[in-house]
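**Student:** generate coordinates for the sequence data below:
(one chain, ligands or ions: 1)
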Amino acid sequence: MDYKEALLKSLDKEDKDKSVQLAIKGLNEVQFTIPFLYEEILRPFLYSIDECKDDDCIWKEHVRTSIVRTIIECVYPHVIEQKKEVVSNGLKVLLVCPEKEYHEIGLRMVADFFSLNGYEAIFIGTNTPKKQVLYALVNTEPDYLAISVTDYYLLFEAKKMIEKIKSISGSIKIIVGGRAFKNNKELIKEMEVDIYLETYEDIVNLRKGDTNEISL
Ligand code: B12
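**Tutor:** Numbers count the residues shown, from 1 in each chain. Next up is the predicted model:
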């Protein structure tokens, strides 16, 4: 059986139970890895919701998002198992979306990507006020703050958040990613961003000096 095809088909039919079972079975039988499941199956499935142009199908966006979220949380025991095989690098990353940004699934995937590479990942997620991010920074003292923006119109919120953080802590490295930053290198340079990453592979390479690190 081609697990990727089978899973994409059941996702397309919005068959939640079968999709969850196939995702778990695919991982158990090493038919695919977590990064493959996220980047090659779940992400394209969510991107395909783009075809919904009118207001009358937003409910479908919610249904599909909910199926994907269930899969991500159901496969977390695999992340736990794989973390045991990985040597911790002693680095901590805090993951947030700025205020008004409700798209968080990409960042949730990225949290697992960091975990699989020996980082301690603290996922805060959606719609986080600047003040709360500052409290979290003080409490957790991370090495990196990873910010995700999907909606282009919310880039200014990320900019404000970064300015606030940099004015208080110069040492923390700011990583940005997400749809809004894609093909937007000039804008990234205008922000006080340290690193721009897109993929699982970028995260694997982050400590190898082989990244999209921005020289300011
Ligand atoms: C699911 C979804 C929603 C869900 C979000 C649920 C959730 N809890 O996340 C809900 C229903 C809440 C929603 C709401 C809205 N949405 Co919406 N949504 C989507 C949809 C269908 C998929 C987004 C998604 O999850 N993609 C899958 C993930 C896995 O991909 P990703 O985010 O790119 O992440 C990957 C990489 O980019 C990277 N990455 C992401 N973040 C980071 C961060 C770091 C640090 C790193 C290293 C990497 C990284 O890693 C991930 C894994 O590969 C898109 C369609 C599309 N084509 O994108 C529209 C879309 C993003 N939404 C859109 C809009 C307009 C809205 C709404 C305003 C209106 C509406 N349609 O309901 C509202 C309000 C949004 C708000 N204020 O934030 C627009 C945005 C357009 C724009 N202005 O930029 C899109 C593009 C739809 C469209 N074509 O119009 N949405």
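
**Student:** all contacts plus neighbour counts: C-alpha atoms, from now on.
**Tutor:** Will do.

**Student:** quick check, residue 92 in contact with residue 119.
**Tutor:** Yes: Residue 92 lies in contact with residue 119 (CA atoms under 8 Å); the separation is 5.7 Å.

**Student:** could you chop the chain up by domain?
**Tutor:** Following automatic domain parsing, one finds the domains of the chain at 3-82, 88-208.

**Student:** any idea which of the ones you listed is most buried?
**Tutor:** Greatest average neighbour count among the domains of the chain goes to domain 88-208 (a mean of 18), per mean count of other CA atoms under 10 Å.

**Student:** ok so, going back, in TSV, list the domains of the chain along with distance to the ligand and mean pLDDT.
**Tutor:** Shown next, in TSV, are those (distance: least, CA to the nearest ligand atom, whole Å; pLDDT from 0 to 100):
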stretch	distance to the ligand	mean pLDDT
domain 3-82	4	93
domain 88-208	3	94
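
**Student:** how much space separates residue 166 from residue 147?
**Tutor:** Noted for residue 166: a distance of 14 Å to residue 147, by CA to CA, to the nearest Å.

**Student:** pull the CA atoms of the top helix by length along the chain into CSV?
**Tutor:** When the chain is parsed with DSSP state H, its longest helix is helix 58-74. Output of helix 58-74 as CSV, limited to C-alpha atoms (Å, rounded to 0.1, in the frame of the first residue of the first chain):
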residue,chain,number,x,y,z
ILE,A,58,-14.8,28.5,5.9
TRP,A,59,-16.4,25.8,8.0
LYS,A,60,-14.6,23.2,5.9
GLU,A,61,-11.3,24.9,6.6
HIS,A,62,-12.1,24.4,10.3
VAL,A,63,-13.1,20.7,9.8
ARG,A,64,-9.8,20.0,7.9
THR,A,65,-7.7,21.9,10.3
SER,A,66,-9.2,20.0,13.2
ILE,A,67,-8.4,16.6,11.5
VAL,A,68,-4.8,17.7,11.0
ARG,A,69,-4.5,19.0,14.6
THR,A,70,-5.8,15.6,15.9
ILE,A,71,-3.2,13.8,13.8
ILE,A,72,-0.3,16.0,15.1
GLU,A,73,-1.3,15.4,18.7
CYS,A,74,-1.9,11.7,18.2
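
**Student:** helices or strands up against it?
**Tutor:** Counting contacts by 3 or more CA pairs under 8 Å, 6 or more residues apart in numbering; DSSP states H and E, helix 58-74 packs against helix 16-28.

**Student:** name the residues that touch the helix it packs on?
**Tutor:** By CA atoms under 8 Å, 6 or more residues apart in numbering, the residues outside helix 16-28 that reach it are 3, 6-7, 10-11, 32-34, 37, 67, 70-71, 74-75, 78.

**Student:** need the CA coordinates for that helix. CSV is fine.
**Tutor:** Extracted C-alpha coordinates of helix 16-28, given in CSV (Å, rounded to 0.1, in the frame of the first residue of the first chain):
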residue,chain,number,x,y,z
LYS,A,16,-10.9,11.6,10.4
ASP,A,17,-10.7,8.2,12.0
LYS,A,18,-9.1,6.5,9.0
SER,A,19,-6.7,9.5,8.5
VAL,A,20,-5.5,9.3,12.2
GLN,A,21,-5.1,5.5,11.9
LEU,A,22,-3.2,5.7,8.7
ALA,A,23,-0.9,8.4,10.1
ILE,A,24,-0.1,6.3,13.1
LYS,A,25,0.3,3.1,11.2
GLY,A,26,2.5,4.8,8.6
LEU,A,27,4.9,5.9,11.4
ASN,A,28,4.7,2.5,13.3
